[in-house]
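Asker: give the three-dimensional model of this entry:
(2 chains)
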Amino acid sequence: MAVRTPRQIGEDVWKTRIEKVNAELVTLTYGSVVAQLCKDFTNDYIQVNEQLDKMGYNIGIRLIEDILARTNSERCRSFKDTAEMISKVGFKIFLNITPAILNWSQDNKQFSLIFDDNPLSDFVELPDDGKAINELWYSNILCGVLRGALEMVQLQVEAKFVSDVLRGDDTTEMRVTLIRVLEDEMPVGDE
Amino acid sequence: MPSAIRLLALMGRENNPLYVRSFDPTLSTEDDQKTDLRYHFLAHIALDVFAARLPTKSADSDFGLLFVQDGIAIYGWMTNTGVKIILGFSSGEVIGSEIRSIFRAIHFAYISLVCNAFYDVDERQPITSRKFDISVRRIVEAWNGTTPPAARSVSVLPGSPKPATPVENVVMSYSDSRTATPVAQTTVS
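Answerer: Numbering: from 1, shown residues only, chains lettered A, B, ... in the order given. The predicted structure follows:
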């Protein structure tokens, strides 16, 4: 079989192997999760960001199994391949968006995902308390998802949002940094 | 004279004012408070008409022309959840289908507002959302500013051909409303 590009894989899987769900359902569910977190933590948005990231992490470490099984994709050869897979396959099949990959760092260990369209934040307007707009990363769950998913394929990354249209920025941008490639570690005393 | 929107009001289920704005270009901001009072008054009169017509009303949410007062024709629309949208037009003819499309666009703007998880739907407080304010202002300004006069002052003479209705200016589809931009291409800031 010919080698397929990530875009083709993403399109293909999205069309044939994904059960679709109403977008408003997702948006409203995620919205009420975030709103509830804000209430529970009495608007301590730093905490809320952290919780969202943790939730995302727990999603990510499971989701990666699913995505690899569905796509039968090969191991990525470089971090650039990984970025392509994240955007064209990962985001494509779960959210039907393909964020643009831009701003590579010199050492090819950092890139940005630019979200033109973010289904999670439809309808959303951050609380007008003067704090949320500076502290809350509304879609922070996505950072956790990436972190969790990549960790399961031996890539330790840091992912964080650096701008969000909800805060009045021009773009929604997530910065992903490769920290190190984890080795398959032998359990202690198992030699 | 072409008809323009002079008043837009949203009243909640309990007849509490959610959003009342006047669009009166002749009055400076200093006078806003005063005019607001006058328009508040009109909006509240409309509530009585809603209440009176409700028993005979079927599923349709269009209440049509409610009354005319001080040269302003008040039209009403009530959603199934009891939110009333009230529009006041200055003198001039407007056709029903055009009005309906504005009501629908405003209704969708309201839907987008309540779909925001941070908006408290139980709230009896007036709407403070900037996003909602911007989107309804855009709808109103698209109507007041860019509608060709020929289409606005629709002649009611029998036999005269109907001008092309500028519905595209205000109609929003549901999916469009999610991006909070009405289809109006000409953005009036």
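
Asker: can you pull out the low-pLDDT segments for the chain?
Answerer: Because you didn't say which chain, this covers chain A. Along chain A, the parts satisfying pLDDT under 70 run over A:1-2, A:185-191.

Asker: meant chain B actually
Answerer: B:1-2, B:26-35, B:59, B:92-93, B:123, B:146-189.

Asker: what does it put close to chain A?
Answerer: Contact residues, chain B versus chain A (CB under 8 Å from any CB of the partner chain): B:112-113, B:115-119, B:128-131, B:178-179. C-beta here means a position set from N, CA and C on the backbone, and glycine is covered the same way.

Asker: what ranges do the helices span in chain B?
Answerer: B:32-53, B:96-114, B:130-146, B:149-152, B:174-178 (DSSP state H).

Asker: next, the buried residues of the second one.
Answerer: By neighbour count with 16 or more other CB atoms under 10 Å in any protein chain shown, helix B:96-114 contains the buried residues B:98-110, B:112-114.

Asker: only alpha carbons, please: show that helix as PDB.
Answerer: Backbone C-alpha positions of helix B:96-114 (Å, rounded to 0.1, in the frame of the first residue of the first chain) are rendered in PDB as follows:
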ATOM      1  CA  GLY B  96     -43.800  41.000   7.300                       C
ATOM      2  CA  SER B  97     -41.200  38.600   5.900                       C
ATOM      3  CA  GLU B  98     -38.400  41.200   6.400                       C
ATOM      4  CA  ILE B  99     -39.500  41.800  10.000                       C
ATOM      5  CA  ARG B 100     -39.600  38.100  10.700                       C
ATOM      6  CA  SER B 101     -36.000  37.700   9.400                       C
ATOM      7  CA  ILE B 102     -34.800  40.400  11.800                       C
ATOM      8  CA  PHE B 103     -36.700  38.800  14.700                       C
ATOM      9  CA  ARG B 104     -35.100  35.500  13.800                       C
ATOM     10  CA  ALA B 105     -31.600  37.000  13.600                       C
ATOM     11  CA  ILE B 106     -32.100  38.600  17.000                       C
ATOM     12  CA  HIS B 107     -33.500  35.300  18.400                       C
ATOM     13  CA  PHE B 108     -30.400  33.500  17.200                       C
ATOM     14  CA  ALA B 109     -28.200  36.100  18.800                       C
ATOM     15  CA  TYR B 110     -30.100  35.400  22.000                       C
ATOM     16  CA  ILE B 111     -29.600  31.700  21.600                       C
ATOM     17  CA  SER B 112     -25.900  32.200  21.200                       C
ATOM     18  CA  LEU B 113     -26.000  34.200  24.400                       C
ATOM     19  CA  VAL B 114     -27.700  31.600  26.500                       C
END
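
Asker: show me what it is packed up against.
Answerer: When contacts are defined as 3 or more CB pairs under 8 Å, 6 or more residues apart in numbering or on different chains; DSSP states H and E, helix B:96-114 packs onto strand B:5-11, strand B:62-69, strand B:72-78, strand B:84-90, helix B:130-146, helix B:174-178.

Asker: check the buried residues of helix B:96-114 and tell me the two furthest apart.
Answerer: B:Glu98 and B:Val114 (25.2 Å; CB to CB).

Asker: in chain A, what residue is nearest chain B?
Answerer: Distance from chain B to each residue of chain A (CB to the nearest CB) is smallest for A:Gly31, at 2.9 Å.

Asker: quick one: contacts for the residue nearest to that residue when sequence neighbours are not counted?
Answerer: Take A:Gly31 and drop its neighbours on the chain: the residue closest to it by CB to CB, 6 or more residues apart in numbering or on different chains is B:Ala117, 2.9 Å away. Contact analysis of B:Ala117 by CB atoms under 8 Å, 6 or more residues apart in numbering or on different chains lists A:Leu28, A:Tyr30, A:Gly31, A:Ser32, A:Val34, A:Ala35, A:Phe123, A:Val124.

Asker: now A:Leu120
Answerer: Counting by CB under 8 Å, 6+ apart, A:Leu120 makes contact with A:Val26, A:Thr27, A:Tyr30, A:Leu95, A:Tyr138, A:Ser139, A:Ile141, A:Leu142.
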